[in-house]
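Colleague: Take a look and give me a structure for this.
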Amino acid sequence: MRSSVLSASRLVLLLSLPVLGCATAADSPQPSPTLQPDAEGSPLAAVLPHWDALVAQSGGAPAVRWSQHGTPMSLFGTLSAPKGAVTAADARSFLADNAQLLQLGDPADLDEVASFESPLGTYVTFVQRYEGVRVFGAEVKVHFNREGRIVALNNTSVPGLGLSTEPRISTKRALAVALAAAPARSDDAEAPEAPELVIYTGTDAPALAYRVVVPTGGPTLQVFVSAQTGAILGEPSDLNRYVDGTGQVFKDNAVVATQNNNLVDSNDANAAVPTAAYSTVTLQGLTGNNRLDGTFASGSASRRRAAGSNNAFIFLRNSNGFSETMAYFHIDFAERYIQSLGFTNVNNRQQVFSIDKLTADNSFYSPNTKQITYGTGGVDDAEDGEVIVHEYGHSVQDNQVPGFGSTEEGGSMGEGFGDYLGATVNSSLAGDFQLTCIAEWDSTSYAAGVPHCLRRLDSTKHFPQNVANEVHADGEMWSASLFQIRTALGAAKADKLILQAHFLLSASANFKDGSNALVTAAINLGFTSAEVTSVRTILQNRGFTVTA
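Modeller: Have a look, this model is predicted:
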């Protein structure tokens, strides 16, 4: 970020939420929350006589899986005599005859929803209702073969329901609660469905709830809101089904990939970068729409979207599609790395970004829109994995501590963390070549010396003597301290410590708070006394006050 842009951003920082930038010179499908356990239960004593009757009638014991309710969850075998042509009434008659075995209560509560023909025969599906309200995920399927003999049954009905079906909150309130629980929705996201009143069985006791489906433009969230209290029941789940695709990227950036500091941009020319710089990678979590939309990243804010073929995104660097593929891959990789450290709820959302809306050599994350904008001046910022992840670091920190960086020192910690995260994440991807040099590809057009570095992680700056009152310059004091901690503890342990420490901070944190948070986190994560002392000493030697 050039000085004129920097001044404007600092004004925004003082007046409202910050726009957080890198200052270049230029948030698998989840399981259904209904009670459908994998573990096998055991039969209720009350159903055993009826089980024996079915076995006698069938001439042998069917294969059975008992549910945790103590009723048959699945049956396979000869369950009835042949009937020739069958109808839904035949399926309902069988269920009425075995209502006590299945603990169905009133079989009239089973609502026929589908009859389907297959090469094997016919199956009929019934949905369970209670006082007219659907029991979510509860159904019974009866399967007939071509002779009209019942050969299988699936049963996820819930016995013994007894609860009020009169809601105390409105559908409007339920929708508002669900929307508040969802991540930011893109402008082109479909409207949420009208809330549906259901019986939710994902808790110890069934509960009356509203099921709300919220499309976000990325994940499609299913949220259950208590119809009595307005509380969210269980964890929201993503209904989308994702696929893996392939993409062509630089691992980290072109300089790191080739270990050649003499590369130049040449106005996005393909010939400026050798073929050896490219790698073919797996793009995880795609929605399968031949766009770069997925679980943790989406290029949907870009003006001209990359279009894939069979979810393959193979582009050269002179195409915007290459930058969008780079940003998708590196953001997704960074989030999966963070989650591998145990932080499954840190920025567990779809990060929307654009790669072609800003012609300046600058990038930023906006806490207001929760989006990242990558600039195209000089080397396109989204061609450098360290710039990509630096900006994602601001999103991570904003997710952990909303509004983080409202002080000069806090802003400096944010910039330092972004540089550190860009380096440590890309190290796990591409190795340690020039690890302490940040954004050596992006900075070829403006940084003197070899290697070209936007900033470094091995600065000798000392607090407070070297304070410049500029967040990117002062951030080098923080990033260098974090890198020293990484050297002392190892990458994974240090990364876990640093992320954990963020939770101990407020939006107005300063260097003293950040230092005490690191030491407190080290103590409470069970680090050895020598490791805690090492963290404390590194921070004190940098000039930071540590009292924890």
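Colleague: can you give me the helices in this protein?
Modeller: Counting by DSSP state H, the chain has helices at residues 3-15, 48-58, 88-97, 99-102, 171-181, 254-258, 320-340, 385-400, 408-430, 471-489, 491-502, 511-524, 529-541.
Colleague: which residues touch the shortest one?
Modeller: Spelled out, it's helix 99-102. Counting contacts by C-beta atoms under 8 Å, 6 or more residues apart in numbering, the residues outside helix 99-102 that touch it are 46-47, 50-51, 53-54, 71-72, 95, 105, 107, 140, 155, 157, 159. The way it works is simple: take the backbone N, C-alpha and C, and place the C-beta from them, glycine included.
Colleague: again with the third one
Modeller: By C-beta under 8 Å, 6+ apart, the surrounding residues in contact with helix 88-97 are 79-80, 83, 102, 104, 107, 110, 112, 115, 124, 126, 140, 142, 144, 148, 150.
Colleague: Minimum pLDDT in those residues, which residue is that?
Modeller: Ranked by pLDDT, those bottom out at Pro107 (75).
Colleague: how many other residues sit next to the nearest residue to it once chain neighbours are set aside?
Modeller: In this structure, Pro107 finds its nearest non-sequential neighbour in Ala96, 4.7 Å apart by C-beta to C-beta, 6 or more residues apart in numbering. Other residues within reach of Ala96, judged by other C-beta atoms under 10 Å, total 13.
Colleague: thinking again about what came up before, need the buried ones from the contacts of helix 99-102 selected in PyMOL.
Modeller: Entered in PyMOL, the line below selects the buried ones among the contacts of helix 99-102, by 16 or more other C-beta atoms under 10 Å:
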select buried, resi 47+50+51+54+71+72+95+105+107+140+155+157+159
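Colleague: Which one of the contacts of helix 99-102 is nearest to Pro236?
Modeller: Ser157 (25.0 Å; C-beta to C-beta).
Colleague: which residues does that closest one contact?
Modeller: 71, 102-104, 110, 128, 135, 138-140.
Colleague: what pLDDT does the nearest residue to Arg304 once chain neighbours are set aside get?
Modeller: Using C-beta to C-beta, 6+ apart and skipping the chain neighbours, the partner closest in space to Arg304 is Asn320 (5.6 Å). According to the predicted model, the pLDDT of Asn320 comes to 96.
Colleague: Quickly note the distance from Asn320 to Leu504.
Modeller: 40 Å (C-beta to C-beta, to the nearest Å).
Colleague: What is the neighbour count of Val450?
Modeller: The burial count for Val450: 11, using other C-beta under 10 Å.
Colleague: pretty sure it contacts Leu263?
Modeller: No. At 11.2 Å, Val450 does not count as touching Leu263 under the criterion of C-beta atoms under 8 Å.
Colleague: which of the residues in stretch 173-182 are buried?
Modeller: Neighbour count says stretch 173-182 has 173-175, 177-178, 182 buried, by 16+ other C-beta under 10 Å.
Colleague: which residues touch it?
Modeller: By C-beta under 8 Å, 6+ apart, stretch 173-182 touches 192, 194-195, 210, 212, 214, 216, 221, 223, 225, 227, 230, 232, 236.
Colleague: Turn these into TSV, including pLDDT and distance to Ala492.
Modeller: Formatted as TSV, the contacts of stretch 173-182 follow (pLDDT from 0 to 100; distance: C-beta to C-beta, whole Å):
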residue	pLDDT	distance to Ala492
Pro192	90	39
Ala194	94	46
Pro195	96	43
Tyr210	98	42
Val212	96	38
Val214	93	35
Thr216	82	31
Leu221	90	31
Val223	96	34
Val225	97	38
Ala227	97	44
Gly230	96	40
Ile232	96	33
Pro236	89	29
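Colleague: Reformat these as CSV; add distance to Thr203 and neighbour count.
Modeller: Formatted as CSV, these follow (distance: C-beta to C-beta, whole Å; neighbours: other C-beta atoms under 10 Å):
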residue, distance to Thr203, neighbour count
Pro192, 23, 19
Ala194, 23, 11
Pro195, 18, 25
Tyr210, 15, 26
Val212, 17, 26
Val214, 21, 23
Thr216, 25, 22
Leu221, 18, 24
Val223, 14, 27
Val225, 13, 25
Ala227, 13, 27
Gly230, 15, 15
Ile232, 11, 18
Pro236, 15, 20
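Colleague: what two of those residues have the greatest distance between them?
Modeller: The widest separation within those (C-beta to C-beta) is 23.3 Å, between Thr216 and Ala227.
Colleague: just the contacts of Ser157 now: which is nearest Ala492?
Modeller: Using C-beta to C-beta, Ala138 is the member of the contacts of Ser157 that lies nearest Ala492, at 43.4 Å.
Colleague: pLDDT wise, what is the closest one at?
Modeller: Taking Ala138 on its own, its pLDDT is 93.
Colleague: residues contacting it?
Modeller: Ala138 neighbours (C-beta under 8 Å, 6+ apart): 34, 127-128, 156-158, 199, 201.
Colleague: same thing with Cys437?
Modeller: 451-453, 456-457.
Colleague: what do you get for His69?
Modeller: 41, 44, 103, 158-160.
Colleague: now the residues you listed: which count as buried?
Modeller: The buried subset of the contacts of His69 - by 16+ other C-beta under 10 Å - is 44, 103, 158-159.
Colleague: out of the contacts of helix 88-97, who's nearest Phe313?
Modeller: For the contacts of helix 88-97, the nearest to Phe313 is Ser115 (42.6 Å; C-beta to C-beta).
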